[in-house]
Each structure stands twice: as structure tokens, then as C-alpha cells.
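Visitor: Mind looking at a prediction? Sequence and model below.
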Amino acid sequence: MILDMARRVLKIEADAVAALIPRLDERFIRAVELMVACRGRVVLTGMGKSGFIAKKIAATLTSTGTPALYLHPAEGLHGDLGMIVQGDVVVAVSNSGDTTEIIEILPALKRFGVTLISLVGNLQSPLAKESDVALDVGVDEEACPLNLAPTASTTAALAMGDALAVAVFEKRGFKAEDFAVLHPRGRLGRRLLLRVRDLMHVGPEMPVVSEETPMRDAILEISMKRLGMTTVVDTEGRLTGVVTDGDLRRGLEKHTDLLERRAKECMTRYPKIIERDELAARAVQVMEQHKITSLLIVDAQGRPDGVIHLHALLQVGVV
């Protein structure tokens, strides 16, 4: 019984969203064009459950590069209309299209000269008739068994709001990099904003030994710097190789006198390097491709300039 009811709700709401597709026409295009051309902010308004939908649409627009805010229509009647300035676009959400508080702020909106777009369930309603563009989000029935509680109607309005938001940022050429700028603490932001230079170990944190360094001292350097490896340089300070934990294991298998060997005898030549300005996410890809845990950064003269380790990438959530 419970699952049957849940399936009924989901079916009704899915049908309500699917029914919006054939309604997409030149009015939707016009609404998108008006929002893209907006010189101010896109102001969402709605009462009750429609208000919650309006808030979510405003949040989606804001997070995708369109300045937006939510105006409570009742509060608007008591001073909050001051949020609206000339050049704004107002998007009103109302299933009935005759929500008292919204209808009462319409004269003020007209005086401000703002553009009005509405998401309504009745294209013959007062709100629809006063709108510059009215989009039909009406539903045949609510998912509520009493056909009273806003369920399918709010889902349809939300879906249309998402369609508007996505169409607007597509029209504006909004890219993943732009999204990252607005979400710097999010996972995508970290992947698209952090560079190798932001995470690499440099200076005294970077392990370095010469080619002639005895392996007992190279092992000490590896242990002290705690990166599981050390760079190896020639007499000019240029990178010639690395000694990793794996090299130590392989060296023990080959040499009974490993500790007395020189670093150049045990190192891996031609280690993998990466540019300091590469994305940190690119470093992860290279590490995964070659099954290694660190990459080297060298300067124009081929000298070690830094080391980026998988642990640093893990700590900031790039991986």
C-alpha cells in the first residue's frame, strides 16, 4: 500500500515534468533572452510553497553566474520592494496566478519599469495577463491524494526554473571554470582552480641528494622529508633522477652492500615531471597513468623546483 502510493506520486510528478516539454516555445526563448539581457538582478518571488521553489531557482541562477535574489511578496508590501531597481527582471511563481500578495505588488513593479516573467498554472490568470512573458507550468493533478497540497505543481515549476537557469548560463557561455570560481570550496572548485604550484613542496621541504651521495645518506634524506623519495642532481644541480621507496626495495634485491652504493647507482633516471602551472587534477591523472605517487617540477635550467605528492592532493580533496 505504501509503496503503491509512493509509485503513484512519482508517476504523477514525472508526468507533470514531461508535459512541460511540448510547451517550450518562443515564450521560453523570450524569457531566456530577457534574463540574459538583464542589466540588474533577476528577482524571484512566490508565496508559500511557491516561495520555496522561487528561492531554489534564485539559488541556482546565482550559483551559475546570474545575480539573483528572492523577494518575499508579503514583505515586499511592507518595504522590501526597495530590493528592486530599474533594470531588474522579476520572475513570479504562482500556480493559481492570482496569489493575493503577488497581485498586490504588481502595480509597484509596473512603476519600477521592470520586466515580469511568470511561471503559472493558469495562462488566463491576472498574473499571466500582466506578465511580459508567462510560462505555463500547470498540471492535471497534484500528487496529493486530496488534490490539494502543492506537489506536482511545485515540481513542475521547479523543473521549468531549472530549464530557464540552464538555458541562461548556456546562452552566456558559462563554463566549468566559471562554476569553480563561484564554488571555491567545492570539489569541482578545487579540481579546476588548484594548480601544481599551490601544492608542491619547495625549498627545505624538497628532498635533494647528489649523484655521489652514499645510499645510507640518501635513505636518511628520504626519511627526513617524508615524501617516499628524493631527487638526485648532478654537480650543476640539474635533475638526473630520483630514488624512491621502490628503488630501495629493488636495490636490496640486487646489492648486498646497498648502503655503500652511490645514489646514481640506484636511482631511476628520467623521472616524470609536470609544469608548475598545470592543474592539480592533471597531476592526479599522470600519477594514475604511471602508477606513481609523486611528480617533479623543474626550472628552466633543469634544476628541481618542487615535488608534488599524492598525499597533498588527497588532503585538499582533488583526488
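Guide: Happy to help now that I have it.

Visitor: what about the strands in the chain?
Guide: Taking DSSP state E, the strands of the chain run over residues 42-46, 68-71, 89-94, 115-120, 133-136, 208-210, 229-233, 239-244, 268-269, 294-298, 304-309.

Visitor: okay if I get those strands as JSON lines plus mean pLDDT?
Guide: What follows is the strands of the chain, written out as JSON lines (pLDDT from 0 to 100):
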{"stretch": "strand 42-46", "mean pLDDT": "96"}
{"stretch": "strand 68-71", "mean pLDDT": "94"}
{"stretch": "strand 89-94", "mean pLDDT": "97"}
{"stretch": "strand 115-120", "mean pLDDT": "97"}
{"stretch": "strand 133-136", "mean pLDDT": "97"}
{"stretch": "strand 208-210", "mean pLDDT": "95"}
{"stretch": "strand 229-233", "mean pLDDT": "95"}
{"stretch": "strand 239-244", "mean pLDDT": "94"}
{"stretch": "strand 268-269", "mean pLDDT": "92"}
{"stretch": "strand 294-298", "mean pLDDT": "93"}
{"stretch": "strand 304-309", "mean pLDDT": "93"}
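
Visitor: of those, which approaches Leu146 most closely?
Guide: Shortest separation from Leu146 across the strands of the chain is recorded for strand 89-94, at 20.3 Å, computed as CB to CB. Yep, even glycine has a C-beta here, placed from its N, CA and C like the rest.

Visitor: For the closest one, buried residues please.
Guide: Val89, Val90, Val91, Ala92, Val93, Ser94 (16 or more other CB atoms under 10 Å).

Visitor: Closest to Arg7 out of these?
Guide: Closest to Arg7 out of those is Val93 (27.4 Å), distances taken as CB to CB.

Visitor: picking up where we left off before, what about the strands of the chain, which gets the closest to Leu259?
Guide: Closest of the strands of the chain to Leu259 is strand 239-244, at 12.7 Å (criterion: CB to CB).

Visitor: Report the distance from the closest one to the chain centre.
Guide: Taking CA atoms, centre = their mean, to the nearest Å, one finds the center of strand 239-244 at 37 Å from the center of the full chain.

Visitor: And stretch 26-46, by the same measure?
Guide: The gap between the average C-alpha position of stretch 26-46 and the chain average comes to 23 Å, counting by CA atoms, centre = their mean.

Visitor: what's the span of that stretch from first residue to last?
Guide: 24 Å (CA to CA, to the nearest Å).

Visitor: any low-confidence regions in the protein?
Guide: Regions of the chain meeting the criterion pLDDT under 70 cover residues 174-193, 318-319.

Visitor: Domains in it, by residue range?
Guide: Per automatic domain parsing, the domain ranges recorded for the chain read 2-174, 196-315.
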